[in-house]
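A.B. asks: test case, fold it:
(chains A, B and C)
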Amino acid sequence: MRLRFRRSMRLVRRRDFQRTYAEGGRARGRWLLVVAAPRPGEPTRLGLSVGRAIWRRAVQRNRLRRLFREAFRLSYPDLPRGADVILIPARPRIEPPLEELRDELVELCPRALAKSGRRRGSRRRSPPPGEAPGAPA
RNA sequence: UGAGAGGCCCGGGCGGCCGCCGCGUUCCCCCGGGAGCGCGGAGGAAAGUCCGGACUCCGCGGGCCAGGGUGGUUGCUAACGGCAACCGGCCGCGAGGCCAGGGAAAGUGCCACAGAGAACAGACCGCCUACCCCGCCGGCUCGCCGGUGGGCGGCAAGGGUGAAACGGUGCGGUAAGAGCGCACCGCGGCUCCGGUGACGGCGCCGGCAGGGCAAACCCCACCCGGAGAAAGACCGAAUAGGGAGGGCAGGCGACGGCCCGCGCCAUGGCCCUCCGGGUAGGUCGUUGGAGGCCGGGGGCGACCCCGGUCCCAGAGAAAUGGCCGCCCCUCCCUCCGGGGAGGCCAGAAUCCGGCUUACAGGGCCUCUCACGCC
RNA sequence: GGCGGCAUGGCCAAGUGGCUAAGGCGUCGGAUUGCAAAUCCGAGAUCACCGGUUCGAGUCCGGUUGCCGCCU
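C.D. replies: Purely as a prediction, here's the structure:
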């Protein structure tokens, strides 16, 4: 079958990223940190986050992003349906081979998805700015 | 052949399969989109953001001051702190290279340590005894001569200090010395000549004034309003809130009471319509330009003019990727069949002109020096 | 993408162009003590890096690197 990957399958909006971070589960491997949140009925989408701390130079950052995208494209049939997935490099200064990326992606995605939905204590909503923070209830 | 100098250019190539982004076009469509075809899709620095402009908004009557920048001259340019040619200084046998290269005789400030002295000079070690004074010795024509020591003085040559010591070398001169005099060099001034000019040259004069630092304050000449595309312009939900109008309900008034109707009332309530601000989001700005290529012409050159031809990435958390084969280059191993590893620095975000910085390897042109040969 | 600022021992930091680069905390060595604390004495610096100006640069001027902040 053909393996297409279009812009409509990308996470683009800040809201989508925030929703996935807030509701999604995480799984870390040798190369990848996967954040995944379910979106039942919708096609699975990809988000990328490769910061300056990973590689200082833009060439290497772009290289990582392209590898991540290619791994997502080629392994798309083996991924869970109906989810938003954000890929983050697990460590700074990595140069992963494509095949290992594909294997790790297929392995980590279901694990991250399984851990999603749990309320994370650190992800609480901040109080409205008008109220005094320590006021008694 | 070897060693160098200057300038320009490239920075892997071809093919196959799977993909990505933009535009155009045809078709399908459940109006969200989708399919096919065609075209285009990273750089020499896209980088740093160091200068200069275009563009947009804000500010603005003019001038001066403050502040910042530039700094040989003449040009080039939209402009520049860029570039070209030329001038001057330093370096190099040379081709050439480097220079923030105006003013220190407008003023202020600084010059540590060392040294006698560091800026209207000064005398430590020294040099001198011609003049004046004193002591001693000798001579004689008896108040002078010679020697020696000292004082008062003269001097700045030599030593020494320093980054730097109030021109340098030589000769004359002198008690010793000193631009004191002379020659050459340096420096300053004047006339003339050449040059648009920076400046250069011939001649004459002056006997020497001028320490250094202006990337110290400063003076002079010239330039500069501020912010930056996340600039800015437009459209604009949902929810909450604001304003205007109307309706209903409400209160008050007149008639003896009630209902209807009428008039008045103020704020609050409900509903409807309209208006404005504005968030999410969207559209524009946004790529046709001081543009690229080819040809011709002008100029030493930077560059300019004319003609032809081409349209050449554009956007969003952001496309230009993955795999394979062949070729090219480099390195390693080799049983010479081959095998293995590697191929720079680096990724557009409004655009353009420069500068600076990073960079494996390679190509082209011009020139210099040394040696050899013809 | 744009606009600003900073860099001096392990940490916090002063520093008119003139030295052997203040000071505090900490560390180490020594003295003191039966052992410690306190106290006293001492040690420890490529001034982020590379050039330039100057007789002389932590300081002045260019460039490079790293870190921090603001606009959204």
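
A.B. asks: show me what the residue minimising distance to the centre of chain A bridges to in the sheet.
C.D. replies: For chain A, the residue nearest the mean C-alpha position is residue A:86 (1.2 Å; CA atoms, centre = their mean). With DSSP bridges as the criterion, residue A:86 is bridged to residue A:35, residue A:47.

A.B. asks: which ones are touching it?
C.D. replies: Shown in contact with residue A:86 (CB atoms under 8 Å, 6 or more residues apart in numbering): A:11, A:17, A:20-21, A:24, A:34-36, A:46-49. (Glycine included, C-beta is placed from N, CA and C.)

A.B. asks: run through those residues and flag the ones next to RNA strand B.
C.D. replies: A:11, A:47-49 (CB under 7 Å from any atom of the strand).

A.B. asks: if any of the residues you listed are buried, put those into a ChimeraX selection.
C.D. replies: Applying 16 or more other CB atoms under 10 Å to these leaves a buried subset, and the ChimeraX line that selects it is:
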select /A:11,47,48,49
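
A.B. asks: thinking again about what came up before, for residue A:113, state which of the contacts of residue A:86 is nearest.
C.D. replies: residue A:36 (4.5 Å; CB to CB).

A.B. asks: check contacts around the closest one.
C.D. replies: Contacts of residue A:36 by CB under 8 Å, 6+ apart are A:20, A:24-25, A:27, A:80, A:83-86, A:109, A:112-113, A:116.
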